[in-house]
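Engineer: Quick one, what's the 3D model for this:
(one chain, ligands or ions: 1)
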Amino acid sequence: MEHWIDKIEKTHSLEELEELRVMVFGKKGELAKAFAKMKSVAAEEKPKVAKELNLLKQKLMEAYEKKRAELEEMELLKRLKSEAIDVSLYTPAAQSGALHPVMHTMDRIIEYFTDLNFAVETGPLVEDEFHNFEALNLPDYHPARDMQDTFYFRDGKLLRTHTSPVQIRTMMRQKPPIRMISPGAVFRRDFDLTHTPQFHQVEGLMVDEKGRVSFANLKWILEDFLHTMFGDVDVRFRPSFFPFTEPSAEVDISCIFCSGKGCRVCSHTGWLEVLGCGMVDPNVFEAVGYKDVSGYAFGLGVERFAMLIHKIPDLRSLFEGDLRLLEQFR
Ligand code: DAH
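Structural biologist: Predicted structure coming up:
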């Protein structure tokens, strides 16, 4: 039996030691067998044999415990070594993310208007013809309602083509006065240098008792807004047409690339168009059930603002996810 002590001392792993433990101390192990043999030992021999056996058992136990402690210590050291962290190792600084330039521009626009107590309203991206067209005084035959321009679903619903339907939803939900903007994604069947099928707009609407909101108010706020966004530029209002406003205007700023002298970006006019606006058409108020009110509205494309502010020549480059472009805006 002494050779088991030797075996225990020569083990190299806890698994091996466990196997030995079962073989020696287990129910059917060597010790159990040795004790079982006691039955056949003569009575006068028994105390001596039993004493020897118990002594052996104790020696085996001691050898086992000692080895186990030794092996456990070794495994622990091995683990500590393999899991050690070298805090002196050099790693480049973690890259931090940044807002996409379009979202950053959107935030700046929102901030300007929320500072003036405009509420931020949202609406569904999947709209119906009533909110997207009809209530906005866009008649059946209007070209914008064409399949070529609008994404339609089979059930007659559509992807909103502008953020103006949020005007309608807000007015139908609330009583005047209204002072709101609605930022968000819009969709059109368009794809070239300056158009993508999805882009973003911010719509604005101010409504109060008849006579309290004038074109002068509209002019003042848009001039102030454009100076905040583009700095020291000239602003001009050009008569235009939108079905949902009357009178309507398009707003230009003096070209920020050539300071109004004329260049390729402004098609040598010295001006860049940045906004549509006007006084809300009475037909729109009628559609939402408003009486004896007046109001102004405006709408702008966020991508266009972002491109002008950051002097980005190709709209599509904003959506290609090229880190070399995006990293410049961190
Ligand atoms: N909805 C127009 C568009 O998508 C933008 C617009 C122009 C909104 C004039 C307005 C507005 O509220 O008064 O082109």
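
Engineer: show me what contacts the residue with the largest distance to the centre of the chain?
Structural biologist: Distance from the centre of the chain peaks at Glu44, with 88.0 Å (CA atoms, centre = their mean). Counting by CB atoms under 8 Å, 6 or more residues apart in numbering, Glu44 touches no other residue. Bear in mind the C-beta positions are built from the backbone N, C-alpha and C, glycine included.

Engineer: do Ile312 as well
Structural biologist: By CB under 8 Å, 6+ apart, the residues touching Ile312 are Pro101, Ala306, Leu318, Leu325.

Engineer: Now list the buried members of those residues.
Structural biologist: Pro101, Ala306, Leu318 (16 or more other CB atoms under 10 Å).

Engineer: can you list these in TSV and add secondary structure?
Structural biologist: Shown next, in TSV, are the buried ones among the contacts of Ile312 (DSSP: H, G, I helix; E, B strand; the rest coil):
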residue	secondary structure
Pro101	helix
Ala306	helix
Leu318	helix
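
Engineer: Tell me the pLDDT of the residue in the stretch 51-200 of the chain positioned nearest to the ligand.
Structural biologist: The stretch 51-200 of the chain approaches the ligand most closely through His162 (3.2 Å), counting by CB to the nearest ligand atom. Note for His162: predicted pLDDT of 96.

Engineer: ok, and the closest non-adjacent residue to it?
Structural biologist: Of all residues not flanking His162 in the chain, Val186 sits nearest, at 5.3 Å (CB to CB, 6 or more residues apart in numbering).

Engineer: Can I take it that the one you found is in a strand?
Structural biologist: Yes - assessed with three-state DSSP, Val186 lies in a strand.

Engineer: Just list whatever residues bridge to it.
Structural biologist: Using DSSP bridges, the beta-bridge partners of Val186 come out as Phe199.

Engineer: how about JSON lines for the contacts of Ile312, with distance to Met61 and pLDDT added?
Structural biologist: Shown next, in JSON lines, are these (distance: CB to CB, whole Å; pLDDT from 0 to 100):
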{"residue": "Pro101", "distance to Met61": "74", "pLDDT": "91"}
{"residue": "Ala306", "distance to Met61": "78", "pLDDT": "94"}
{"residue": "Leu318", "distance to Met61": "76", "pLDDT": "86"}
{"residue": "Leu325", "distance to Met61": "73", "pLDDT": "82"}
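
Engineer: Out of the residues you listed, flag the one nearest to Leu17.
Structural biologist: Leu325 (62.0 Å; CB to CB).

Engineer: how far away is that closest one from the ligand?
Structural biologist: Going from Leu325 to the ligand by CB to the nearest ligand atom, to the nearest Å gives 26 Å.

Engineer: The host helix or strand of Glu70 packs against which elements?
Structural biologist: Element membership for Glu70, per DSSP states H and E: helix 46-82. Other elements packing on helix 46-82 under the criterion 3 or more CB pairs under 8 Å, 6 or more residues apart in numbering; DSSP states H and E are helix 2-9, helix 14-25, helix 30-37.

Engineer: Which among those is found nearest to the ligand?
Structural biologist: Among the helices and strands packed on helix 46-82, the nearest to the ligand by CB to the nearest ligand atom is helix 14-25 (73.2 Å).

Engineer: Buried residues in that closest one, which are they?
Structural biologist: Buried-residue list, helix 14-25, by 16+ other CB under 10 Å: Leu17, Leu20, Arg21, Val24, Phe25.

Engineer: same check, this time on stretch 233-246
Structural biologist: Buried residues in stretch 233-246, counted by 16+ other CB under 10 Å: Val233, Val235, Phe237, Phe242, Pro243, Phe244, Thr245.

Engineer: Quick one: distance of the lowest-mean-pLDDT helix or strand in the chain to the chain centre.
Structural biologist: Of all helical and strand segments in the chain, the minimum by mean pLDDT, DSSP states H and E falls on helix 323-326, at a mean of 82. Distance of helix 323-326 from its chain centroid, counting by CA atoms, centre = their mean, to the nearest Å, is 17 Å.

Engineer: picking up where we left off before, so which of the buried residues of stretch 233-246 are in strands?
Structural biologist: Counting by DSSP state E, the buried residues of stretch 233-246 place Val235, Phe237, Phe242, Thr245 in strands.

Engineer: can you put those residues in CSV and add distance to Leu60?
Structural biologist: CSV is the format used below for these (distance: CB to CB, whole Å):
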residue, distance to Leu60
Val235, 98
Phe237, 102
Phe242, 98
Thr245, 99
